[in-house]
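[1] Here is the input, now give the coordinates:
(one chain, ligands or ions: 1)
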Amino acid sequence: MAKPNVLKGQQCPMCGNNTLTLMEEETEVPYFGKMYLFGMQCSSCKYNKSDVENIEDQDPVKLTVEISGEEDMKIRVVKSSQATVKIPHLMTIEPGPGSNGYITNIEGILNRVKNMLESVKESEDDKSAQKKAKNQIKKINRTIHGSEKLKIIIEDPSGNSAIISDKVKKEKLKKK
Ligand SMILES: [Zn+2]
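    Numbering: from 1, shown residues only. This next block holds a predicted model:
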């Protein structure tokens, strides 16, 4: 892996202080190719943004993978800031201005979904909504421990996302 380029003391687009650190790094994701990783982080206002980009141009992509065991937790996932992550019957994470791109694995994706469900559970006053979130968290936990199956779909118009597995179904994403 190449050494990351780091630029400190940059002006933050959010708070205007010169406390922003920019990071750029090149990394190789097996079976997907060379990637750029970008990151910025402000120590004053905690603004944090990251993204990933394949060096080569990619086509809009739809990726579907069936998670069916503990070993699937290690499957590498590249998620760009433009990707929508769908877990049917559970959750859809739409991209937005605050979305980040990152390289993780299936367990990392499920843990993020779990954290989002935890905050739903805590912010909801409605008892049935709380119960629903609680059951969904249980389902995620059972999937992480290999006792439940789950489908994960990633749709990325930029094509910069990938799921690195023989089990993944790759399709061209149709434009809306
Ligand atoms: Zn700032």
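[2] In this structure, what residue spans correspond to strands?
    Taking DSSP state E as the test, the strands found in the chain are 5-10, 20-29, 33-42, 48-54, 61-67, 76-79, 84-87, 91-93, 102-105, 150-156, 162-164, 169-172.
[3] and the ion, which of those strands is closest to it?
    strand 33-42 (3.1 Å; C-beta to the ion). Every residue, glycine included, has its C-beta placed from N, CA and C.
[4] Who are the packing partners of that closest one?
    Under the contact definition 3 or more C-beta pairs under 8 Å, 6 or more residues apart in numbering; DSSP states H and E, strand 33-42 sits against strand 20-29, strand 48-54.
[5] from those strands, which stretch is densest packed?
    strand 48-54 (a mean of 18; mean count of other C-beta atoms under 10 Å).
[6] Mind checking if that one is in reach of the ion?
    No - counting by C-beta under 5 Å from the ion, the ion is not contacted by strand 48-54; separation bottoms out at 9.6 Å.
[7] Please name the residues that touch I103.
    T27, V29, M35, L37, V52, R76, V77, V78, K79 (C-beta atoms under 8 Å, 6 or more residues apart in numbering).
[8] Contact partners for P4?
    Neighbours of P4 in contact, by C-beta under 8 Å, 6+ apart: M23, E24, E25, L37.
[9] Just send the residues you listed back as CSV, with distance to the ion and pLDDT too.
    Output for the contacts of P4, formatted as CSV (distance: C-beta to the ion, whole Å; pLDDT from 0 to 100):
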residue, distance to the ion, pLDDT
M23, 15, 95
E24, 19, 95
E25, 21, 95
L37, 20, 95
